[in-house]
Each structure stands twice: as structure tokens, then as C-alpha cells.
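[1] Sequence and predicted structure are below.
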Amino acid sequence: AAVVGAETTPLVAYLAGFGLVQMAIAGGIALGAARIWNIIDAEALQPRLAGAVVAGVGLAFLV
């Protein structure tokens, strides 16, 4: 509703900023995951992944 009739320049600037923030968040998560992946061996990673799945299912039911 607020986008209808809005000027093009502020709308493009907002979308560009939003996209850059999303890319920065995704890049930070990717770098963190890569570091964790290189530090932890496969045997230690399996219980952590199982815990993450359980936490994700619990969070899905909570919300």
C-alpha cells in the first residue's frame, strides 16, 4: 500500500540497501559455517547436527 505511488529513487535505494544487508548476513553465516566445518571432524559434527534438527523442530512447533 505504501509502495503504490512512491517515488522510484527512494524505493530503489531501499531495495538495494535491503539486498546488501541480506547479502552481508548470508555471507557472515557462510563464513562462520565454513570455519566450523573446518574445525570440527565428521564424528563430532553428527551429534551437533542432530541437536540442531531437534532444536529446529522445537522452534517450528513453538512458533
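    Received the coordinates, thanks.

[2] Grab the most central residue of this protein for me.
    With distances taken as C-alpha atoms, centre = their mean, A26 lies nearest the centre of the chain, 5.1 Å away.

[3] and that residue, which of the three is it?
    Put simply, A26 is helix when judged by DSSP: H, G, I helix; E, B strand; the rest coil.

[4] just the one 10 residues further on next, same as before
    Using three-state DSSP as the criterion, the local structure at I36 reads helix.

[5] That one: neighbour count?
    When counting by other C-beta atoms under 10 Å, one arrives at 11 neighbours for I36. (C-beta placed from N, C-alpha, C; glycine too.)

[6] do A50 as well
    Neighbour count of A50, defined by other C-beta under 10 Å: 10.

[7] any idea which element it lies in?
    Using DSSP states H and E, A50 sits in helix 42-62.

[8] What lies in contact with that helix?
    Residues from elsewhere that reach helix 42-62 (C-beta atoms under 8 Å, 6 or more residues apart in numbering): W37, I40.

[9] And M23, which helix or strand is it part of?
    helix 8-39.

[10] okay, and for the protein, where does confidence drop off?
    Flagging of the chain using pLDDT under 70 yields the residue ranges 1.

[11] try 90
    1-11, 33-49, 62-63 (pLDDT under 90).

[12] which residues touch V12?
    No residues are in contact with V12 under the rule C-beta under 8 Å, 6+ apart.

[13] one step back: G56 versus the residue nearest to the centre of the chain, what's the distance?
    18 Å (C-beta to C-beta, to the nearest Å).

[14] Then W37?
    18 Å.

[15] Kindly provide the distance from the residue nearest to the centre of the chain to A6.
    For A26, the distance to A6 - C-beta to C-beta - is 27 Å.

[16] on that earlier part again, now the helix holding M23: buried residues?
    Residues of helix 8-39 classed as buried: none (neighbour count, 16 or more other C-beta atoms under 10 Å).

[17] Any idea how far that helix is from the middle of the chain?
    Here helix 8-39 is found 8 Å from its chain centre; the criterion is C-alpha atoms, centre = their mean, to the nearest Å.
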